[in-house]
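A.B. asks: below is the sequence, then the predicted model.
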Amino acid sequence: MLLTRVLTALALLPVVLGMLFFAPAPVWALFALGIALLACWEWSRMCGFSPAAQGAYLAASGAVGAFLWLLYIRLVPGNFVAAAMTGFIIATLFWVVGAPWWLAGKLRPSPSMRAVAGWIVAWPTWLAFVVLRDTSAWLLLALAALVWVADIAAYFAGKRFGRHKLAPAISPGKTWEGVYGALAGVAVYGIVLAWFTTSRETPLTHVFTGAVAPVVVAMLLLVAVSVVGDLFESWMKRGAGLKDSSNLLPGHGGVLDRIDALTSTLPVAALALYARHAAG
C-alpha cells in the first residue's frame, strides 16, 4: 500500500506542479475544473441519490463548472471577482459555522441538502485554486504545503502520542494529540517560511510584510479549519458506508480524500487574503 501511494504521488506531482507553474491561466482553471468535477462525482456517491438524481446532479455540476470557467475567461457576461468573493464568503460561513454544527449534531440530512453541501465544498475550492494561483503560484503552493505539513505532523504525533480521540463517531483514528502535533508542525513551518521570505526577496515576501506573529496565528486558525474539512468528508463517507470517496487514485482513494482539508482551507485563506488586501 505504501509503495502504491508513493508511486501514485510521484506520477501526479510533476503533472500538478507543471500545470501550477507553467500552464496559462485558462488551462490551469480548466485543469482545476476537472478536479472539481471529479470531486462532484465522488460527492454524488455519498448523497443517497437514485441513478436518475445522480445523473441530474452531475449534469447540473457540469453546467455550473462550464459557466464559471467561461465567466473566468470572459466569454459570458458577469463579474468573476464578485462571484469568487461570494463563493468564499459562503464557504467560510459553512466551514466556520455550518459544518461544525452539522458534525456536532451528527446530522444525516436529505440528499438534496447533501448535494448543496457538495457544491459548497467543490466550487469555492475551484474558485480559490484559480484566484490564489492568479495571485501567485507560490502562494497557492505554500497554502497547500501548510495542509500537507499539518497532515504529516498530525499523523506522526497521533501515532506516537495519540490517546484521546478527537471524534470517535466520525473518524476513530484521529486524536487530540494529532491536532496538537499539526498545530506545532504548522507553527514551525510558518516561522521558518516567514523568516525565509522576509530575510530575502521572494515571491511570497509581500504576504509576510509587517508582523510575522499575526500570519503564523492565521496559519494556526487555518489548521483548525482544515480539521473540520477532514472530519466533514469522513462523516459523509461514513454515512454512505464508504471507506474512500472513490478508487481513482491507487493507494490514496479518491480526489476528495486528497483535497478534503484543502476544500475548507483554501476558500477561507482566499477570503482572509482579500480582506487583508482591501484593508491595507
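C.D. replies: Noted; the coordinates are in hand.
A.B. asks: could you use CA atoms for every contact and neighbour count after this?
C.D. replies: Noted.
A.B. asks: quick one, phi/psi of the residue lying closest to residue 242 once chain neighbours are set aside?
C.D. replies: For residue 242, ignoring the flanking residues on the chain, the nearest one in space by CA to CA, 6 or more residues apart in numbering is residue 46 at 8.0 Å. Main-chain torsions, residue 46, degrees, to the nearest 10: phi -100, psi 10.
A.B. asks: so residue 46 versus residue 79, what's the distance?
C.D. replies: For residue 46, the distance to residue 79 equals 32 Å [CA to CA, to the nearest Å].
A.B. asks: neighbour count: the two, which is higher?
C.D. replies: For residue 46 versus residue 79, neighbours defined as other CA atoms under 10 Å are more numerous around residue 46 (23 against 11).
A.B. asks: so what's that one up against?
C.D. replies: Neighbour list for residue 46: 236, 237, 239, 240, 242, 245 [criterion: CA atoms under 8 Å, 6 or more residues apart in numbering].
A.B. asks: pull the most distant pair out of these.
C.D. replies: Spatially, the most separated pair among those is 239 and 245, at 11.6 Å (CA to CA).
A.B. asks: who has more neighbours, those two?
C.D. replies: Of the pair residue 239 and residue 245, residue 245 is the one with more neighbours under other CA under 10 Å, namely 25 against 16.
A.B. asks: the stretch 101-250 of the chain: strands as residue ranges?
C.D. replies: Using DSSP state E, counting those that start in this stretch, the strands found in the stretch 101-250 of the chain span residues 165-167, 171-175.
A.B. asks: so which elements touch the last one?
C.D. replies: Under the contact definition 3 or more CA pairs under 8 Å, 6 or more residues apart in numbering; DSSP states H and E, strand 171-175 sits against strand 165-167, helix 212-240.
A.B. asks: try it again at 7 Å.
C.D. replies: strand 165-167 (3 or more CA pairs under 7 Å, 6 or more residues apart in numbering; DSSP states H and E).
A.B. asks: show me what the strand it packs on is packed up against.
C.D. replies: Going by 3+ CA pairs under 7 Å, 6+ apart, strand 165-167 lies up against strand 171-175.
A.B. asks: give me the sheet partners of the strand it packs on and which way each runs.
C.D. replies: Using DSSP bridges, strand 171-175 pairs in its sheet with strand 165-167 (antiparallel).
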